[in-house]
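A.B. asks: What would the 3D arrangement of this be:
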Amino acid sequence: MDYFQMTAPCGLDCFNCHFYLAHEDPDAMKSVQKLSKELDIPVEIMLCKGCRSHDGQIPLQKRIFGEAHRCAAYECSKEKDIDFCCDCDRFPCDNLHPYADRADVLPHNTKVFNLCLIKRMGLEKWAETKAPQVREDYFNKPWSLA
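C.D. replies: Got it, this is the predicted structure:
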């Protein structure tokens with residue numbers, strides 16, 4: 001697995017996303033097919049190979065937000081010629097701001113936490129040992145102060 005290629009500059013772990021996993025995982029494909037039917041968007045548009053492979057224009061986002069849509073974090077990382085937002089002297093910035101909207105179904109609020117872990121652990125170790133647990137905890141573990 002090329003973890004660099006499959007980790008967005010913003011820290012999202014594309015390699016754990018069902019839109020990527022559906023290429024080879026039948027259960028993930030069932031999930032994508034169900035969503036495809038609900039949203040009336042062809043499966044082919046929903047499948048993803050990570051934002052680096054799509055030059056920051058993921059087909060599903062283009063379908064939803066229009067052809068001109070560009071991810072601000074991706075564009076900024078390209079402009080600054082950095083691999084990850086945590087490599088920037090302005091990290092964290094508003095391109096990584098967490099939002100409540102759709103937080104229950106999208107892992108966008110994990111970005112800064114993932115980037116901090118990537119910086120501390122290194123990309124490979126984070127990807128192989130921590131990234132799946134971050135996503136699992138985000139969607140399933142109850143919040144607590146402990």
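A.B. asks: excluding its backbone neighbours, what's nearest residue 8?
C.D. replies: Taking CB to CB, 6 or more residues apart in numbering, and ignoring the residues beside it in sequence, residue 8 has residue 51 as its nearest neighbour in space, at 4.8 Å. Where you see a C-beta, it was placed from the backbone N, CA and C, and this is true even at glycine.
A.B. asks: again with residue 3
C.D. replies: residue 127 (4.0 Å).
A.B. asks: ok, and for the helix or strand of the chain with the lowest mean pLDDT, which residues are buried?
C.D. replies: The element with the least model confidence among the helices and strands of the chain, by mean pLDDT, DSSP states H and E, is helix 59-65, at a mean of 89. Counting neighbours by 16 or more other CB atoms under 10 Å, one finds that the buried residues in helix 59-65 are 59, 60, 61.
A.B. asks: Check stretch 33-53 too.
C.D. replies: Going by neighbour count (16+ other CB under 10 Å), the buried part of stretch 33-53 is 35, 36, 41, 45, 46, 47, 48, 50, 51, 52.
A.B. asks: re the thing from before, secondary structure class for the residue nearest to residue 8?
C.D. replies: Put simply, residue 51 is coil when judged by DSSP: H, G, I helix; E, B strand; the rest coil.
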